[in-house]
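Student: sequence first, predicted coordinates after that:
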Amino acid sequence: MKSLSKTLLAVLATGVLSCAVFSQQAQATSIQGTIEFAGSVHFDTNSLATAHRVVTWYDINNNAGFSSVAPSSTGDFSGILGGTQATMAQPWIFNPSTPTPGLWSVGGFTFDLLTSTVVTHNVNFLTITGSGIVSGNGFDPTDMEWSFSTQSSGGRPRVKFSFSADANAVPDGGTTVMLLGAALGALGMARRYLIG
C-alpha cells in the first residue's frame, strides 16, 4: 500500500509541476511601449472651434496621407526609426467619436481606434484622448491609450499636431501563482490522506 501511495504521490507531483511549467507558456505576449507621431493636418474647417474631422494628414516632409514617427519610441516600438512614415486613415472623424480601423500603421503594427473623447475644443486648442487596440508583428492585440493635440490654426488650412500612444500590458494579477499554490495545497492534502 505504501509503494502505491508513493507512486500516486509522485505522479501527482509531476502533474502539478508540469501544469506550473506549461501554464507560463500559455500567457499572452502583449505589446508594450510608447510611440509618438508628428506632422500637420488639414481639418474640415479653418477654425479649431468648429473642426469635426481631420481631412488629410501630412508627415514632416508634407507627404499627404502620412504622419512621421517621432524619435522617442520605446519598448516594442523602439525599432521604428524616427522620421519613418506612418500610414494614416483619412478622414478621421473625432466629433462625434467614430471608431476608425487602421487609424495608423507603421513598422508592422496597426492601431484600430475604438473611442475618442474631446477634452479641449476651442479656437486655440484641440485635445483628444481615447483608446484602441494595437496589433501586429506576432504579438497579441493589446489595449492602447492615446492622445492627440494641436494648437491655434489661426485660419491656416494646415496646422501641426502631435499624437502619442502608450501600450502597457496588464499583469495577470497573480493568477498563475494562485493556481500553483492551490495545486501544491491539494498535493499536500493528498499526501496526508494517502500516507496517513
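Tutor: Arrived safely.
Student: could you pull out the helices for the chain?
Tutor: For the chain, the helices defined by DSSP state H cover 2-25, 175-195.
Student: quick one: contacts for residue 158?
Tutor: Listed by C-beta atoms under 8 Å, 6 or more residues apart in numbering, the contact partners of residue 158 are 40, 41, 42, 58. Yep, even glycine has a C-beta here, placed from its N, CA and C like the rest.
Student: can you tell me which of these has the most neighbours?
Tutor: Using other C-beta atoms under 10 Å as the neighbour criterion, residue 41 leads the contacts of residue 158 with 25 neighbours.
Student: please name the bridge partners of that residue.
Tutor: Beta-bridge pairing of residue 41 under DSSP bridges involves residue 57, residue 159.
Student: likewise for residue 35?
Tutor: residue 165.
Student: and the pLDDT for residue 39?
Tutor: Listed pLDDT for residue 39 reads 94.
Student: I'd assumed residue 64 was in contact with it.
Tutor: No: between residue 39 and residue 64 there is no contact under C-beta atoms under 8 Å: 10.1 Å.
Student: now the common contact residues for these two.
Tutor: Among the neighbours of residue 39, those also in contact with residue 64 (C-beta under 8 Å, 6+ apart) are 57, 58.
Student: which one's more surrounded, those two?
Tutor: For residue 39 and residue 64, the more surrounded residue by other C-beta under 10 Å is residue 39, and the numbers stand at 24 against 11.
Student: contacts only, for the more buried one.
Tutor: Contact analysis of residue 39 by C-beta under 8 Å, 6+ apart lists 57, 58, 59, 60, 66, 67, 68, 160, 161.
Student: shaky segments in this structure?
Tutor: 1-28, 153-155, 157, 169-196 (pLDDT under 70).
Student: try it again at 90.
Tutor: Applying pLDDT under 90 to the chain picks out residues 1-28, 46-48, 151-163, 167-196.
Student: show me what contacts residue 164?
Tutor: Counted by C-beta under 8 Å, 6+ apart, residue 164 has contacts 34, 35, 36, 37, 146, 147.
Student: by neighbour count, which of those wins?
Tutor: Comparing the contacts of residue 164 by number of neighbours (other C-beta under 10 Å), residue 35 comes first, having 29 neighbours.
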